[in-house]
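[1] what follows is a protein structure lacking sequence information:
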């Protein structure tokens, strides 16, 4: 049965929410068959798929293409798509681009900060996932956020503003465990942690990180569940050797 935003909201305090990023049909299909709750087409695709130094070069066209691929692979999970940098600078732009992602296959969209933009989208019948803490599209300091009282209080206020705006959930990225717990207890909607400790209502990881497919960064909060990068290199190496030595193709890979 297709997961809805109402289902996600109802899971708060009852069942942990599992979220993973995906960027293509095959990965999305595998995650969906395993029962993941939300698949996020993150703008992290700029780094882990397209090879950019950061997320800022990701375009709407990139997001639409990859959203479509994921939507074709996942039939049950809630599909959320990141609004890329500079795609929601004002209400009208946000609505136009959000609609484009929905038409591409997303069920919901995610934006960083911006409660007023979130409210405008929700008022226009678009479900919104918020994102606070370390927000890569605007960050100048890629460190844990909210370690002092002033910034911690600011993040608590921002979470409440996003809840009031109508967001169905909020991503908390790179915030101290204690602050994440306080925010989670302060809002009635689910929090999804990434580098925010165990007390959030759910967790999200970039799939390429947890599968060992991206080695340019190694964040502390990532748990590597497989080392597929090593497996792939072994397979590629064996294939190249077989071709060079004339061992592939053999008769069973040939037609007569």
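    Ah, there it is. Computed from a predicted model, the values in this text were never measured in an experiment.
[2] let me see the ranges of the strands in the stretch 1-150 of the chain.
    Under the criterion DSSP state E, counting those that start in this stretch, the stretch 1-150 of the chain contains strands at 17-21, 38-41, 78-82, 108-110, 128-133.
[3] packing partners of the last one?
    If contacts are counted by 3 or more CB pairs under 8 Å, 6 or more residues apart in numbering; DSSP states H and E, strand 128-133 sits against strand 108-110, helix 115-123, helix 149-165, strand 169-173. (C-beta placed from N, C-alpha, C; glycine too.)
[4] residue 189 and residue 13 touch, don't they?
    No. If you go by CB atoms under 8 Å, residue 189 and residue 13 don't touch, sitting 11.0 Å apart.
[5] comparing these two, which residue is more hemmed in?
    Neighbour tally, residue 189 and residue 13, criterion other CB atoms under 10 Å: the higher count belongs to residue 189, 20 against 10.
[6] for residue 53, which non-adjacent residue is closest in space?
    residue 47 (7.3 Å; CB to CB, 6 or more residues apart in numbering).
[7] which residues touch the one you found?
    53-55, 214, 216-217 (CB atoms under 8 Å, 6 or more residues apart in numbering).
[8] of these, select the buried ones using a PyMOL command.
    Provided next is the PyMOL selection string for whichever of the contacts of residue 47 are buried by 16 or more other CB atoms under 10 Å:
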select buried, resi 55+214
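[9] now the contacts of residue 47 as TSV including pLDDT and distance to residue 132?
    Putting those into TSV (pLDDT from 0 to 100; distance: CB to CB, whole Å) gives the following:
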residue	pLDDT	distance to residue 132
53	93	23
54	93	19
55	95	16
214	96	24
216	90	25
217	85	21
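[10] quick one: residue 133 and residue 249, what's the gap?
    Between residue 133 and residue 249 the computed distance is 52 Å (CB to CB, to the nearest Å).
[11] so those two - more neighbours on which side?
    Neighbour totals were compared for residue 133 and residue 249, and residue 133 leads with 28 against 11 (other CB under 10 Å).
[12] pretty sure that one sits against residue 155.
    Yes. Counting by CB under 8 Å, residue 133 does reach residue 155; the two are 6.4 Å apart.
[13] overlap in contacts, these two.
    Taking CB under 8 Å, 6+ apart as the contact rule, residue 133 and residue 155 both touch 145-146, 175.
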